[in-house]
Each structure stands twice: as C-alpha cells, then as structure tokens.
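Trainee: Need coordinates for the following:
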Amino acid sequence: MKIIVLIYLAVIISLSFLLFQDPELDASIQRGNEIYADFCVTCHMGKGEGVPYTFPPLAKSDYLMNNREASIKGIKYGRQGELTVNGIVYNNTMDKLGLDDEEIADVMNYILNSWGNSSDQMVTLEEVEAITE
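Mentor: Modelled structure (predicted):
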C-alpha cells in the first residue's frame, strides 16, 4: 500500500511541474534545444557532460548555476582562461558564437533547465541585452 501511495505522489508532483511550467519558458527551452544542437553540442556533448579537462560540463554545473551573468557573457562574447567547474580546472577558449541576444537567452534557458539543472528564473532578452563586455 505504501508503494502505491508513493507512486501516486510521485506522479502528481511530476504532473504539477509539467502542467504549471510557464509556456513562455517552455517555448524558449524548445528554441534553445535547437540552438544547442547547432552550436554547443560539439564541445559540451549531447547530454551536457563536456569533455573532462578540455570542455566543461553544463550538466549539473556548479559554475553555470552560481555564475549566471558570467555564463551569459561567455556565450555572448566568448571567454578564455581558467575556469573551475565542479572542482575541475579548465583552461581553454570559447569563441564568440555569433548568436543574437534572444538566441542567447533561449540557449541559457535550455541549459539551465536540462541534465539535472533547474532554474526558477527565466533568462530574458532584456537581461542578455544589459550584459556588456
């Protein structure tokens, strides 16, 4: 009986997340998925796992979740130099991808809500526009 109740509760909680997700965020995540597949997957891999000591992971990334502005800036302008993600030091270059600000917001929303990452706050176009070199 306890197992049935636990399964029932798990289903209800899962459905509540699906039913109450912001439709604007959901659309942004879908667009971001396509952008990720076109621009990011080569280095950060299909499940955001990266390549150890070469390309940092985006999945369950402490850096990504704790450095939102720097993460957006890295996508917008590129970045180089040392970066510590999940306790591993990376020292590589990420070139500017040539994405517009809306595409950057979409791909950030995708990676902030994929592979074990979860963000309560949607990345907006205005937020990306406000970040300068």
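
Trainee: Put the alpha carbons of stretch 100-109 into CSV.
Mentor: Coordinates of each C-alpha in stretch 100-109 appear next as CSV, following Å, rounded to 0.1, in the frame of the first residue of the first chain:
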residue,chain,number,x,y,z
ASP,A,100,21.8,37.3,-31.1
ASP,A,101,20.6,38.2,-27.7
GLU,A,102,17.3,36.3,-28.0
GLU,A,103,19.2,33.1,-29.1
ILE,A,104,21.5,33.5,-26.1
ALA,A,105,18.5,33.8,-23.7
ASP,A,106,16.9,30.7,-25.3
VAL,A,107,20.1,28.5,-25.1
MET,A,108,20.7,29.7,-21.5
ASN,A,109,17.1,28.7,-20.6
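
Trainee: helices and strands of this structure: which one bottoms out on pLDDT?
Mentor: helix 2-19 (a mean of 60; mean pLDDT, DSSP states H and E).

Trainee: Who are the contact partners of Ile111?
Mentor: Taking CB atoms under 8 Å, 6 or more residues apart in numbering, we find Ile111 in contact with 32, 36, 40, 48, 58, 64, 117. Just so you know, the C-beta spots here come from the backbone N, C-alpha and C atoms, and that holds for glycine as well.

Trainee: mind checking how far stretch 88-100 is from the chain centre?
Mentor: Its chain's C-alpha centre and that of stretch 88-100 lie 14 Å apart, by CA atoms, centre = their mean, to the nearest Å.
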